[in-house]
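Chemist: Take a look and give me a structure for this.
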Amino acid sequence: MKSMCTKAFSFVLLFFLLINCMYSEAQQCRPSGRIKGKKAPPGQCNKENDSDCCETGKMYPIYKCSPQVSSHTKAYLTLNSFEKGGDGGGPSACDNQYHSDDKPIVALSTGWFNHKSRCHKKITINGNGRSVEAMVVDECDSTMGCDADHDYQPPCANNIVDASKAVWEALGVPQDQWGGLQITWSESSDA
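Modeler: All right, here's what the predicted structure looks like:
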């Protein structure tokens, strides 16, 4: 009888663990909608750093969320200019200022940017066998794009860390490979 109760308890426990895993999977960040691309007026989409321009009629997913932050949050590192006239568009969202690309700074996807809660805080980026600390100064907008305010570029994906050239240099990535790299990041202890 005791063996039968133990097996029944184990089965129920396994069942609840399975349901919990399925529920957690269902809680992943999903697109919250889509926007339709429109062609930029001549000279309005800055293609510096191999930035994409929106395509007329193409549907782009938008996100209000990002994957949950952990001690090793998986992300995709992209290259961005934070300087006036650069492909980053307008001034940074945290302080309405432009910043030197020679400093290790980043923009985070909308969910991670979290209504400016990470402004001027440092994150640690791990990639290419190295790590670097960088300060959050901007949002990589995952909710809008394909308009003048966003330099006619598509919305960011929900897992982007958009970094200055100083971050790429600190990670030791050869310049001809700058633009896209799988990384992990975490909030720095002095953030």
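Chemist: Identify the bridge partners of the residue nearest the centre of the chain.
Modeler: For the chain, the residue nearest the mean C-alpha position is I160 (2.0 Å; C-alpha atoms, centre = their mean). Per DSSP bridges, residues listed as beta-bridge partners of I160: Y76.
Chemist: doesn't T78 make contact with it?
Modeler: Yes: assessed by C-beta atoms under 8 Å, I160 is found in contact with T78 at 5.7 Å. From N, CA and C alone the C-beta is placed, and that goes for glycine too.
Chemist: what is in contact with those two at once?
Modeler: Here I160 and T78 share the contacting residues C140, scored by C-beta atoms under 8 Å, 6 or more residues apart in numbering.
Chemist: so which helix or strand takes in W168?
Modeler: Counting by DSSP states H and E, the element that carries W168 is helix 165-170.
Chemist: List the pairing partners of the following helix or strand past that helix within its sheet, with orientation.
Modeler: Note on helix 165-170: by DSSP H and E, the next helix or strand toward the C-terminus is strand 180-187. Strand pairing for strand 180-187, determined by DSSP bridges: strand 73-79 (antiparallel), strand 122-127 (antiparallel).
Chemist: right, so of these, which gets closest to W112?
Modeler: Within these, the stretch nearest W112 is strand 73-79; the backing value is 7.9 Å (C-beta to C-beta).
Chemist: need the strands for the chain, in chain order.
Modeler: Secondary structure of the chain by DSSP state E: the strands cover 33-36, 59-62, 73-79, 105-109, 122-127, 130-140, 160-163, 180-187.
Chemist: Now do the contacts for the residue nearest to the centre of the chain.
Modeler: Listed by C-beta under 8 Å, 6+ apart, the contact partners of I160 are 75-76, 78, 107-109, 140, 142.
Chemist: do Y63 as well
Modeler: Contacts for Y63 (C-beta under 8 Å, 6+ apart) come out as 29-32, 109-111, 142-143, 155, 157-158.
Chemist: Only the buried subset of these, as a ChimeraX command please.
Modeler: Those of the contacts of Y63 that count as buried under 16 or more other C-beta atoms under 10 Å are selected in ChimeraX with:
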select :29,109,110,111,142,143,155,157,158
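Chemist: among the contacts of Y63, which are in helices?
Modeler: Per DSSP state H, helices hold the following members of these: 110-111.
Chemist: Give me the contact list for stretch 177-187.
Modeler: For stretch 177-187, contacts defined as C-beta under 8 Å, 6+ apart pick out 49-50, 69-79, 118, 121-128, 161, 165, 168, 171, 173.
Chemist: Recalculate using a threshold of 6 Å.
Modeler: Around stretch 177-187, the neighbours that count as contacts under C-beta atoms under 6 Å, 6 or more residues apart in numbering are 50, 71-75, 77, 79, 123-127, 161, 168.
Chemist: likewise stretch 143-150?
Modeler: So stretch 143-150 is contacted by 35, 37-38, 54, 62, 64, 110, 153-155 (C-beta under 6 Å, 6+ apart).
Chemist: In CSV: those, plus distance to A134 and pLDDT.
Modeler: Formatted as CSV, the contacts of stretch 143-150 follow (distance: C-beta to C-beta, whole Å; pLDDT from 0 to 100):
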residue, distance to A134, pLDDT
I35, 29, 93
G37, 30, 90
K38, 32, 87
C54, 27, 88
I62, 25, 96
K64, 24, 94
T110, 18, 96
Q153, 21, 87
P154, 23, 92
P155, 22, 94
